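# okay, predicted coordinates and the sequence, questions at the end:
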Amino acid sequence: MAKELAIGDKAPEVALPDQHGKTVTLKGLKGKQIVLYFYPKDATPGCTKESCDFRDVESQIMRAGGVIVGVSLDGKESHQKFIKKFGLPFPLLSDEDAAISKTYGVYKEKNMYGKKYWGIERSTFVIDADGKLKTIFRKVTVDGHVDEVLTALRA
């Protein structure tokens, strides 16, 4: 098992296809602060609210020198529908084999209605312009989360 990521660590590289099948990397975003948020599933209530909350503060995040990147296990067709339906202005990456989610320690055994399954634990990583982890939010509660992220970006 990989060691748990900590604030100050270099953010593990991400190289995943976005909703258009184009590979997005953290290296390609260097020089900006990155809000890398992992969410369980496109178009489910919590994930929709979280993604729309990020959409609604995107201009503030950009003013703070940040960019938003979402990651789930969903494929690009699912991401395209989700983006179109809710007007999401940022890339959503497909981690279909959960490799990046495992690297970031967000792929966990979950329990819903007595059924155990593996999936993404809602988490957000704020990465500074030098590629280091600035803030880590695990087991995110959607309500008020974007405010926490904005505060972290401005810190």
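Looks like it came in fine. Treat the numbers as computed from the prediction; the structure is a model and nothing was measured. Residues are numbered from 1 along each chain as shown.

# for Tyr37, give the beta-bridge partners.
As for beta bridges, Tyr37 partners with Gly70, Thr124 under DSSP bridges.

# so what's the residue count around Val140?
By other Cβ atoms under 10 Å, the residues close to Val140 number 20. Every C-beta, even on glycine, is put in place using the N, C-alpha and C of the backbone.

# helix, strand, or coil at it?
Put simply, Val140 is coil when judged by DSSP: H, G, I helix; E, B strand; the rest coil.

# I'd guessed it sits against Val106; true?
No - assessed by Cβ atoms under 8 Å, Val140 is found out of contact with Val106, at 10.0 Å.

# so what sits against both of the two?
The overlap between the contact sets of Val140 and Val106 (Cβ atoms under 8 Å, 6 or more residues apart in numbering) consists of Ser123.

# what residues does the most centrally placed residue in the chain make contact with?
By Cα atoms, centre = their mean, the chain has its centre lying nearest to Tyr37, at 1.6 Å. Neighbour list for Tyr37: 50, 54, 68-71, 122-125, 140 [criterion: Cβ under 8 Å, 6+ apart].

# swap the cut-off to 10 Å and go again
With contact taken as Cβ atoms under 10 Å, 6 or more residues apart in numbering, Tyr37 is in contact with 47, 50-51, 54, 68-72, 90, 92, 106, 122-126, 137, 140, 145-146, 149.
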